[in-house]
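Visitor: Sequence plus predicted model, see below.
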Amino acid sequence: MGLFTAERLHDLNESFENATTEQILEWLWTELGTRASFGTSFQGAGLVAIDLAYKNQWKFPVFTLDTGYLFPETLELKKRIEDRYGITIESCSPEQTVGELEVEYKGNLYESKPDLCCYLRKVEPLKKKLSGLDGWITGLRRSQSQTRTEVGFVELYEFDPVFNKEILKINPVAKWTKEEVWDFIRKEGIPYNPLHDKGYASIGCWPCTRPVKEGDSERAGRWTGFDKTECGIHTFMEKKK
């Protein structure tokens with residue numbers, strides 16, 4: 001991976017404020033190629049980024065975190081996206097099955113310790129996947145929630161201090177609004193999760209996702225009843241520079 005100093009990151013992010021998503025993805029393809037990968041949970045913004053990349057033949061690999069609690073609609077969408085682009089999306093799963101987890105913790109961990117559940121079902125499989133990558137492409141957007149307003153286009157994180165491993169996190173649709181995302185999806189005929197048409201704004205695991213009310217933030221339907229807004233995959237690493 002090239003040298004990403006604080007100065008270079010600053011300059012990149014400043015220049016990308018006026019760049020298109022395609023220009024950001026083209027830069028990344030030139031910089032890292034297939035050493036960068038899309039991580040998708042099949043939300044709208046991530047699907048837009050994948051569509052723009054594949055239309056331009058920037059064939060980054062794609063992976064998803066299969067917690068064992070995904071909606072059937074999400075699994076069906078995975079197949080539709082694979083068929084559309086002629087790809088295989090890698091499913092990264094936890095070491096324990098859902099049944100094994102429930103036996104060990106004597107019940108549903110998502111009800112008693114949702115942070116631990118997310119860590120075991122999402123963060124640990126993600127860590128394993130990222131250990132073999134130099135770049136992680138996400139669909140994060142600044143307008144999604146208060147915790148994401150400062151998202152940069154290119155961010156550097158310390159992945160493993162022992163082995164001095166860093167990873168570049170690329171958020172090519174950071175500036176897109178919800179309206180822009182859905183206008184693009186409809187215009188281009190991109191397959192999307194039908195749960196969105198039933199009031200679900202942000203779709204994760206079925207036990208911890210509900211439809212949102214008009215005026216709610218996009219992520220208001222996650223972890224109802226808990227003081228929790230993030231699953232941990234975007235917060236477990238320390239951001240550098």
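Guide: Looks like it arrived, so ask away. Just so you know, these numbers come straight off a predicted model, no measurement behind them.
Visitor: Just to check, residue 105 is in contact with residue 112?
Guide: Yes: between residue 105 and residue 112 a contact is recorded at 7.3 Å, counting by C-beta atoms under 8 Å. Where you see a C-beta, it was placed from the backbone N, CA and C, and this is true even at glycine.
Visitor: Between those two, tell me which one has more neighbours.
Guide: Neighbours per residue (other C-beta atoms under 10 Å) separate residue 105 from residue 112, with residue 105 holding more: 17 against 11.
Visitor: and residue 159, what are its phi and psi?
Guide: Dihedral pair for residue 159: phi -90, psi -50, per degrees, to the nearest 10.
Visitor: so who does residue 92 touch?
Guide: Residues near residue 92 by C-beta atoms under 8 Å, 6 or more residues apart in numbering: 63-66, 125-126, 128-129.
Visitor: who's in contact with the closest residue to it other than its chain neighbours?
Guide: Once flanking residues are discounted, residue 92 sits nearest to residue 125: 4.2 Å by C-beta to C-beta, 6 or more residues apart in numbering. Residue 125 is in contact with 65, 92-94, counting by C-beta under 8 Å, 6+ apart.
Visitor: From those, list just the buried residues.
Guide: Buried by 16 or more other C-beta atoms under 10 Å: 65, 92, 94, out of the contacts of residue 125.
Visitor: hmm, back to that, tell me which of the contacts of residue 125 is nearest to residue 237?
Guide: Residue 237 has its nearest neighbour among the contacts of residue 125 in residue 65, at 15.3 Å by C-beta to C-beta.
Visitor: and the residue in the chain sticking out farthest from the centre, how far is that from residue 96?
Guide: Residue distances from the centre of the chain (C-alpha atoms, centre = their mean) peak at residue 106, which lies 30.0 Å from the mean C-alpha position. As defined by C-beta to C-beta, to the nearest Å, residue 106 lies at a distance of 14 Å from residue 96.
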